[in-house]
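**Student:** Sequence isn't available, so here's the structure alone:
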């Protein structure tokens with residue numbers, strides 16, 4: 001892509017990198033007008049991208065919800081989730097799904113572990129003893145989460161793979 005102006009270069013780099021250094025010599029602080037233009041050319045574009053990202057995550061979550069219907073999962077109502085959770089039938093199935101998907105390049109995970117997260121060093125401070133929260137402990141052992149950073153098409157493929165692994 002050809003970029004011919006300073007404005008075009010700033011937009012070009014801001015689209016591709018989370019941080020852009022202005023490599024220019026200033027003998028004084030840039031004036032308010034110049035900084036305002038930088039904001040218009042970078043931050044406002046990023047905010048527009050954020051809306052697109054949320055819409056894509058919502059679409060991906062909707063695909064997972066549709067393709068994995070019938071599995072035990074929390075209600076997601078089309079929200080743009082950071083990760084898509086579902087519960088495998090048992091802990092061994094959850095581990096099998098996560099490990100196989102990771103080997104295949106899908107960033108599946110096991111959030112919400114342990115029952116007290118992020119895992120205090122002394123659970124007794126919370127009056128928690130292993131075995132005292134059987135429902136929570138069961139869910140913690142069975143939860144799997146899937147990436148929502150993938151396209152809806154990729155989410156459909158991942159969901160089909162999850163189904164295959166759970167039926168094995």
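**Tutor:** Good, I have the coordinates. None of these values were measured; they are calculated from a predicted model. Residues are numbered from 1 along each chain as shown.
**Student:** gap between the longest helix along the chain and the chain center?
**Tutor:** Ranked by number of residues, the top helix in the chain under DSSP state H is helix 32-67. From the chain centre to the centre of helix 32-67 is a distance of 14 Å (CA atoms, centre = their mean, to the nearest Å).
**Student:** OK, contacts around residue 97?
**Tutor:** 88, 108, 144, 162, 165-166 (CB atoms under 8 Å, 6 or more residues apart in numbering). No exception for glycine: its C-beta is placed from N, CA and C like everyone else's.
**Student:** who's sitting farthest from the centroid in this protein?
**Tutor:** Here the chain reaches farthest from its C-alpha mean at residue 27, the gap being 42.3 Å by CA atoms, centre = their mean.
**Student:** just the strands in this structure please.
**Tutor:** Under the criterion DSSP state E, strands of the chain are mapped to 83-87, 143-147.
**Student:** Share the number of residues neighbouring residue 147, please.
**Tutor:** By the other CB atoms under 10 Å criterion, the neighbourhood of residue 147 contains 20 residues.
**Student:** my bad, residue 61
**Tutor:** Residue 61 has 23 nearby residues by other CB under 10 Å.
**Student:** do residue 68 as well
**Tutor:** The number of residues packed near residue 68 is 20, by other CB under 10 Å.
**Student:** That one and residue 106: what is the separation?
**Tutor:** Separation of residue 68 from residue 106 (CB to CB, to the nearest Å) stands at 14 Å.
**Student:** and the gap between the residue farthest from the centre of the chain and residue 6?
**Tutor:** Computed with CB to CB, the distance linking residue 27 and residue 6 is 18 Å.
**Student:** No more questions from me, cheers.
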